[in-house]
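Peer 1: Here is the input, now give the coordinates:
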Amino acid sequence: MSSSFQGALTFPQSSPNVYESNGDFSMDDSILLHSSSSSRTTNLYAHQDSLAKLPIPKLEETLDKLVDTVLPLARNEYERSEFVRKLSEFQKSNLARTLQSRLEVKRDVEYAGTNASWLSTWWNTLGYLQVRDSVVIHVSYFFHFVDDGSLVGVGSDDVDGYSRGVLRACSLLNAVAYFRKSVISGSLPPERIRSTPLCASAYKYMFHSCRVPKLEQDSYRIYNPLKYNHVVVARKGYFFALDFVDKETQDPLPSQTLAKGLQRCIEMADELETSSSGQRLKLGYFTTSNRDDCAKAREMLIEVGGNRAEKALELLESGAVMICLDDEEPVSKRDCAKLFLHGGSTSGYNRWFDKSIQIIVCKNGKAGLNGEHSMMDGMPVVNFANALTKARSSDLSFSNAKDCATIEPIDIFATCMPDFLESSKLEDLLKNAKHSFTELTEKHDIHDQSFHIFGSAWIKKSGFSPDAFVQLAMHLATFRLFKEQGATYEATQVRMFKYGRTETTRTVSPASKKFIEKMGFWPRFDESDDNIRKEKLKLLKDAATSHVNFLKNAAGAKGVDRHMLGLSLLIKDGETSPEIFSDELYCRAKHWRVSTSNLSHPRFDNWGYGEVVPDGVGLSYNIKRDSIIFNITALKDRNWTERLSHLLEESLLEMKTLCNTKSFNQSKL
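Peer 2: Numbering: from 1, shown residues only. You can find the predicted model right below:
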C-alpha cells in the first residue's frame with residue numbers, strides 16, 4: 001500500500017485484518033483513527049468526540065407524552081381506567097424514581113468521561129444481534145434506484161459487447177469505488193442537519209463488513225479495507241471475488257477491466273450451471289434461515305470444509321460490497337420490490353443476506369440495493385445511494401480498452417465445494433433452509449402505490465408539513481383498513497447525538513383520533529358543505545401540528561419508547577415489575593401494526609421493508625416534489641396490500657378536497 005494513502009481505520013497488531021464487533025459502538029470506535037485527514041473540519045469522523053451525549057428525558061415528561069399516545073387506542077372505559085390507574089401508581093412509586101436514577105447512573109458513571117450512548121449497546125444487541133428471526137424481510141430493507149437513462153439498446157440486448165446489466169453494474173461499481181475511497185480515507189464530508197453534524201459511526205460497517213451468525217447472539221465483522229480490494233459478485237448462486245480498485249490509489253480500475261471481470265463472472269457461473277459434473281450447493285440459502293440455524297450451517301460448513309471453508313468465508317465476508325447479477329428482467333415496481341427485498345424463488349439464493357450492502361442489477365439494467373440493518377440505519381446508506389444513483393453508463397470510458405488488463409475472478413467456494421457435496425448433513429440443512437425461505441417469501445405480499453396527483457410542493461403550498469400530511473393520510477387509510485386505530489411507528493433519526501440511531505415518532509394522538517373519526521370509515525363526500533369542510537380542515541391542521549411537535553421531540557431524543565425501554569431493562573431480579581409494563585392497553589400502543597418510515601429521494605423509484613408484527617403492515621414512503629410513492633408489505637393471507645394501496649389514494653384525494661390553497665401560508669418545514 002502506498003504511503004500516500006492513509007485509512008481512517010486502524011487495526012490492532014493482534015488482529016491486523018479483521019475486527020469483530022459485538023454491538024458496542026464505543027468499543028468499535030477503538031479502530032477509528034480520527035486524525036486520518038489533514039483537515040479535521042472535513043473529516044468524516046471529525047465531530048465524533050464533540051457530539052452531544054444521548055439525553056435521558058425527565059420521567060414526568062415521558063409519562064405525560066405517553067398518556068396522549070395510548071389513551072386514543074382504548075377500546076372501552078375499563079381499559080382506559082386501568083391504564084390510568086397503573087400509570088399513576090407507577091409515577092408515584094419509589095421504584096419509578098429508582099429506575100430513573102439507575103438509568104442516569106448508567107449514563108453518568110458507566111460512560112463517565114465519554115459522550116457514548118446509554119442506549120446503543122442495548123439497541124444493537126436486543127434489537128438486532130440477539131433476535132433469532134431470519135434477517136430476510138424481518139430486518140433487511142431495499143432501495144429501488146431510478147433507471148439509468150443513458151443506457152442505450154433495447155431490453156437486455158448487448159451494447160458494445162456487454163449487456164445492459166453489465167454496463168449498469170460497471171457504472172455502479174465505479175461509483176462504489178469512489179464513495180468507498182472517501183469513507184475509508186475519512187475524507188467524506190460529515191453529514192449535517194442544517195449546521196448540526198451527525199454521528200458517523202455507522203460508516204465503519206458500510207464496506208468490507210458482514211454479519212456473522214452465532215448461537216444466541218450474532219457478531220459483526222469489519223475487515224481492514226487496506227488489506228482487501230475486491231467486491232463479491234453473485235451469479236446464479238455462485239460467488240466470485242473480483243478486484244475492482246487500484247491497490248495503490250484505491251481508485252476504480254478501468255471501465256473495460258471491470259466490465260470484462262463482470263462478464264467473466266457471468267461466463268464462469270453459466271459454465272458451472274451447465275457442467276456435466278452437476279450443480280453445486282446454493283449456499284446463499286444458508287443466510288435466509290433463522291439465526292440459530294444460520295449459525296449451525298456456518299459451523300457445519302467449517303467442520304466439513306476445514307481451513308479452506310474458513311478462508312472462503314473470509315474472502316466472501318471481506319468484499320467491499322456484493323454485486324448480485326440477476327437474470328430477471330422486471331418492469332413494475334412491485335416485481336422489482338420482490339426481487340430487491342428477498343429475491344424469491346428465482347433469485348433468493350443469489351444473495352448473501354448477511355453482507356452489509358448488496359447491490360442488485362438485473363439483466364435489463366434495473367438496479368437496487370439490499371441493506372442489512374443491524375449496525376447501520378437507512379440515512380447513511382441513502383447518502384451512499386445518492387452517489388450510486390448519479391452513476392451513468394455513458395460516463396464509462398472504453399477508449400483504452402486494448403491496453404486494459406483482464407482480471408480473472410476467484411471462484412470463492414471452488415476448493416471446498418467437493419467436500420460440501422459429499423456431506424449429507426449439509427445437504428439436509430440446505431433443504432431445510434430452502435424450504436423455510438420459500439415458505440417465508442411465499443406467505444408475504446408486496447404492493448406499491450404511485451400517487452402522482454401532488455407531492456411535497458402542493459402540500460407545503462397548502463400550509464402543511466409534507467411528512468405530517470402523509471402520516472395522517474396513512475393513519476386514515478389504515479383506520480379504514482383495520483376498522484380501528486392501530487399503533488403507528490415512524491422511525492426518526494437521532495444522529496445529532498453520539499451513537500444515536502432512531503427514536504419513535506408516534507402518530508397516534510388525541511388530535512389524530514378526532515380527525516380520523518370525523519373522516520369516518522369511508523368517504524362521505526360532504527365537503528361541499530363549507531362548515532363541514534372547515535371543521536375537518538381544522539382537525540387535520542390540529543393533528544398535523546401534534547405530529548410535528550412529537551416528531552421534533554423524537555428528533556431531540558425526547559420521545560417515549562427508548563426511555564421506557566431503558567427503564568424496563570433496569571428492573572432487577574427479585575423486584576416486582578410495575579403493572580404498567582404489562583398493561584394490555586400500554587402493550588397495544590407499542591404493538592406496531594403500522595410500521596412507517598420516510599426516506600425521500602428524487603432518484604429512488606421505491607423502497608421498503610417487511611411488517612414488524614404478524615397483524616400489521618410495513619409502510620414505507622418517499623415524498624417527491626410532485627408525487628408520493630408508498631411500498632406496502634403484509635402477510636398474504638391478510639389480503640391487505642392492494643386494499644391499503646387503494647385506501648391511501650382515497651385518503652390523499654379526500655384530504656385534498658379539504659384544502660383551499662389560498663387560505664394558508666406556505667409551510668417552512
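Peer 1: ok but L540 is inside a helix, no?
Peer 2: Yes. Residue state for L540 (DSSP: H, G, I helix; E, B strand; the rest coil) corresponds to a helix.
Peer 1: Quick check, pLDDT for it.
Peer 2: What the model reports as pLDDT for L540 is 98.
Peer 1: right, and it touches K514 too?
Peer 2: No. With contacts defined as CB atoms under 8 Å, L540 does not count as touching K514, sitting 9.9 Å away. All C-beta spots, glycine's among them, are computed from the backbone N, C-alpha and C.
Peer 1: Of those two, which one has the most company?
Peer 2: L540 (27 against 17; other CB atoms under 10 Å).
Peer 1: That one and A468: what is the separation?
Peer 2: 9 Å (CB to CB, to the nearest Å).
Peer 1: what does F604 give?
Peer 2: Separation of F604 from A468 (CB to CB): 21 Å.
Peer 1: between these two, who's got more neighbours?
Peer 2: Neighbour count, other CB under 10 Å: between F604 and A468, A468 has more, with 27 against 21.
Peer 1: Backbone dihedrals for that one, please?
Peer 2: phi -60, psi -40 (degrees, to the nearest 10).
Peer 1: Now do the contacts for the closest residue to S374 other than its chain neighbours.
Peer 2: Spatially, and ignoring its direct neighbours in sequence, S374 is nearest to Y128 (4.0 Å; CB to CB, 6 or more residues apart in numbering). By CB atoms under 8 Å, 6 or more residues apart in numbering, the contact list for Y128 reads G23, V139, D218, H373, S374, M375.
Peer 1: so the first one sits right up against L119, yeah?
Peer 2: No. Checked against CB under 8 Å, the pair G23 and L119 is beyond contact range at 11.8 Å.
Peer 1: and I302, how many neighbours does it have?
Peer 2: For I302, the neighbour count with other CB under 10 Å is 16.
Peer 1: Which pLDDT value goes with it?
Peer 2: pLDDT at I302 comes out at 98.
Peer 1: Where do the helices of the stretch 451-600 of the chain begin and end?
Peer 2: 456-461, 466-482, 510-519, 530-555, 561-569, 584-588 (DSSP state H, counting those that start in this stretch).
Peer 1: Now render the ones you listed as CSV, adding distance to I184.
Peer 2: As requested, the helices of the stretch 451-600 of the chain are exported to CSV (distance: least, CB to CB, whole Å):
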stretch, distance to I184
helix 456-461, 35
helix 466-482, 34
helix 510-519, 45
helix 530-555, 30
helix 561-569, 31
helix 584-588, 44
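Peer 1: So which of those helices is nearest Q263?
Peer 2: Q263 lies closest to helix 456-461 among the helices of the stretch 451-600 of the chain, at 41.6 Å (CB to CB).
Peer 1: could you say what helices and strands the closest one packs with?
Peer 2: helix 466-482 (3 or more CB pairs under 8 Å, 6 or more residues apart in numbering; DSSP states H and E).
Peer 1: how about a cut-off of 10 Å?
Peer 2: Packing partners of helix 456-461 (3 or more CB pairs under 10 Å, 6 or more residues apart in numbering; DSSP states H and E): helix 466-482, helix 641-658.
Peer 1: The first one versus helix 510-519: what angle between them?
Peer 2: Angle, helix 466-482 to helix 510-519, by axes from the mean of the first three to the mean of the last three CA atoms, to 10 degrees: 50 degrees.
Peer 1: gap between helix 466-482 and the chain center?
Peer 2: Computed by CA atoms, centre = their mean, to the nearest Å, the chain-centroid distance of helix 466-482 equals 22 Å.
Peer 1: any idea of the mean pLDDT in that helix?
Peer 2: Helix 466-482 comes out at a mean pLDDT of 98.
Peer 1: In PDB, list the C-alpha atoms belonging to that helix.
Peer 2: The C-alpha trace of helix 466-482 is given here as PDB (Å, rounded to 0.1, in the frame of the first residue of the first chain):
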ATOM      1  CA  PRO A 466     -45.300  17.000   4.000                       C
ATOM      2  CA  ASP A 467     -44.400  14.300   6.500                       C
ATOM      3  CA  ALA A 468     -47.300  15.200   8.800                       C
ATOM      4  CA  PHE A 469     -49.800  15.300   6.000                       C
ATOM      5  CA  VAL A 470     -48.700  12.000   4.600                       C
ATOM      6  CA  GLN A 471     -48.600  10.400   8.000                       C
ATOM      7  CA  LEU A 472     -52.200  11.400   8.600                       C
ATOM      8  CA  ALA A 473     -53.200  10.000   5.200                       C
ATOM      9  CA  MET A 474     -51.600   6.700   6.200                       C
ATOM     10  CA  HIS A 475     -53.300   6.900   9.600                       C
ATOM     11  CA  LEU A 476     -56.700   7.400   7.900                       C
ATOM     12  CA  ALA A 477     -56.100   4.700   5.400                       C
ATOM     13  CA  THR A 478     -55.100   2.100   8.000                       C
ATOM     14  CA  PHE A 479     -58.000   3.200  10.200                       C
ATOM     15  CA  ARG A 480     -60.300   2.300   7.300                       C
ATOM     16  CA  LEU A 481     -58.400  -1.000   6.700                       C
ATOM     17  CA  PHE A 482     -58.400  -2.200  10.300                       C
END
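Peer 1: quick one, it and helix 641-658 angle?
Peer 2: Using the same axes, to 10 degrees, helix 466-482 lies at 130 degrees relative to helix 641-658.
Peer 1: ok, and for the helix or strand of the chain with the lowest mean pLDDT, which residues are buried?
Peer 2: Here the helix or strand of the chain ranked lowest by mean pLDDT, DSSP states H and E is helix 25-28, holding a mean of 91. For helix 25-28, burial by neighbour count (16 or more other CB atoms under 10 Å) applies to F25, S26, D28.
Peer 1: just for the stretch 301-450 of the chain, where's the confidence low?
Peer 2: 399-403 (pLDDT under 70).
Peer 1: try 50 this time
Peer 2: Along the stretch 301-450 of the chain, the model assigns pLDDT under 50 to no residue.
Peer 1: Also the stretch 1-150 of the chain?
Peer 2: In the stretch 1-150 of the chain (pLDDT under 50), the answer is 1-3, 34-41.
Peer 1: Do a quick rundown of the helices in it.
Peer 2: According to DSSP H, counting those that start in this stretch, the helices that the stretch 1-150 of the chain contains are 25-28, 59-70, 77-92, 94-105, 120-124.
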